[in-house]
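# sequence and predicted model, in that order:
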Amino acid sequence: MTISESLPTQRARSPFAPPTLDEARRHAAEVPLAEIDITHWDLFRHDIVWPYFDRLRQESPVYFHRHTRYGPLWSVTSYEHVKAIDTDHHRFSSEPTISLLNLLDPLPMFIAMDEPRHSRQRKTVSPVVSPRNLMALEPTIRRRVVAILDALPEGETFNWVEKVSIELTTQMLATLFDFPFEDRHLLTRWSDIATGGKDSGHVDTWEEAGLELQRCLDYFTRLRDERARQEPGNDLLSLMAHGDAIDDLDPSQFLGNLLLLIVGGNDTTRNSISGGVLAMNLFPEEEAKLRADPSLIPNAVAEIIRWQTPLAYMRRTAKEDVEIAGETIRAGDKVAMWYLAANRDPSVFEDPHRILVDRDNARSHISFGFGIHRCMGNRLAEMQLRVVWEEILPRFAAIEVVGDPARTKSNFVHGYTELPVVVRRR
């Protein structure tokens, strides 16, 4: 039985309508913990996961689910315990995978490696997001933000996700890889297929998804071989072509690291750009604060990333028996660190379900992870979001959300496929 089926269906509006947050609150308060499958994507695409997280965090912040669609696993929902596990790479492994189940699982990538392989491969590509390189990239990002925003239609409804969030992050990915600009939308397509598989909307079967990722590998292999014959550059492909730790990767390892960089460069920024616009509509008093004091933008960016939490969780596998929060996690057990729940922990963030652009501890969010696997591109994501809001505020009197957002059908990527808006220029 699905979450939707187990919730009350006697609704005046329609028996087929998705469950409401109020219904989810009642259901979450009554259902035995053992019957909650916190991994069910209906909870995420209907935006009703919060009361289930709240109950788990209050009653059992480290909880063993015996029955989920991915088999038995531990859910960690408190900020304190997520941080403790994320920083304990000696007892909690990122291998063999950092997800519960998606198309990336069989592919080796440095985020799903333990030391010392992780640091060797990460170090090869990290110069692309060095402070010096980010400073050099900012004028390019700003020019592209301005061009995208100035081209938006005024007074008519359009999908903000498609016209702004996807387009900006796709252009940025093309720049980071020095990827042919005319083919840049392939990057978004491959990212969506890698995280969504046959449910991505681009393909109908896992076989088609595999063929599409083979196309990705073939395309990038040709580009990498070209870069290897050229003088070293500072784009990601050049760094991979000339780096000692990465230049001898087999095809599956090369594809795994490619998709890691593509997905990492796509999802955080793309869904935070969309989430920020939605949040300012839900909490207009916070947008008013931001317009009155644009110096709050950097802090508001951190708060948007906390509130949105673009990746809902990361998985670890226990390397040995570990006692935490009075529970014993056994060697070999799967552990889901729910970043989404940790970022709404009221013991750390007051009134956590609200956006507060002047929140004094917004930067304490866990969206980028902690420890050795902390997101390599976190500063790039923050810079892009900062520039977006620096250009939105003087350009638009309002960006009005005029319909319900459509959310990603995923328990991993916490994002949007549609956000209908109308803009009004100053």
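Structure received. Residues are numbered from 1 along each chain as shown.

# state the distance from the closest residue to Pro18 other than its chain neighbours to Leu187.
Spatial nearest neighbour of Pro18, chain neighbours left out: His46 (4.5 Å); criterion: Cβ to Cβ, 6 or more residues apart in numbering. All C-beta spots, glycine's among them, are computed from the backbone N, C-alpha and C. Distance of His46 to Leu187, given as Cβ to Cβ, to the nearest Å: 29 Å.

# neighbour count winner among these two?
Shown here are His46 and Leu187; by other Cβ atoms under 10 Å, Leu187 has more neighbours (25 against 19).

# that one touches Gln171, doesn't it?
No. Judged on Cβ atoms under 8 Å, Leu187 makes no contact with Gln171 at a distance of 9.6 Å.

# average pLDDT across stretch 197-207?
For stretch 197-207, mean pLDDT is 77.

# again with stretch 264-276
Taken as a whole, stretch 264-276 carries a mean pLDDT of 86.

# distance between it and the chain's centre?
Stretch 264-276 sits 7 Å away from the centroid of its parent chain (Cα atoms, centre = their mean, to the nearest Å).

# I'd like the numbering to begin with 839 instead of 1 from here.
With the count now opening at 839, the last piece we talked about shows up as stretch 1102-1114.

# hang on, the earlier thing: gap between the residue nearest to Pro856 and Arg1245?
Per Cβ to Cβ, His884 is found 8 Å from Arg1245.

# kindly report the same for Asn997.
13 Å.

# show me which positions of stretch 1182-1193 end up buried.
For stretch 1182-1193, a neighbour-count test (16 or more other Cβ atoms under 10 Å) marks 1182-1183, 1186-1187, 1190, 1193 as buried.

# again with stretch 1024-1041
For stretch 1024-1041, a neighbour-count test (16+ other Cβ under 10 Å) marks 1024-1035, 1037-1038, 1040-1041 as buried.

# where do the strands sit along this structure?
Along the chain, counting by DSSP state E, strands occupy 900-903, 911-914, 930-931, 996-997, 1151-1156, 1160-1162, 1165-1167, 1172-1176, 1234-1239, 1244-1245, 1254-1256, 1258-1263.

# residues contacting Ile1100?
Contacts for Ile1100 (Cβ atoms under 8 Å, 6 or more residues apart in numbering) come out as 1011, 1025, 1028-1029, 1032.

# go again with 6 Å.
When contacts are counted by Cβ atoms under 6 Å, 6 or more residues apart in numbering, Ile1100 is found next to 1025, 1029.

# and Val920, by the same measure?
Applying Cβ under 6 Å, 6+ apart to Val920 gives the contacts 914, 1175, 1180.
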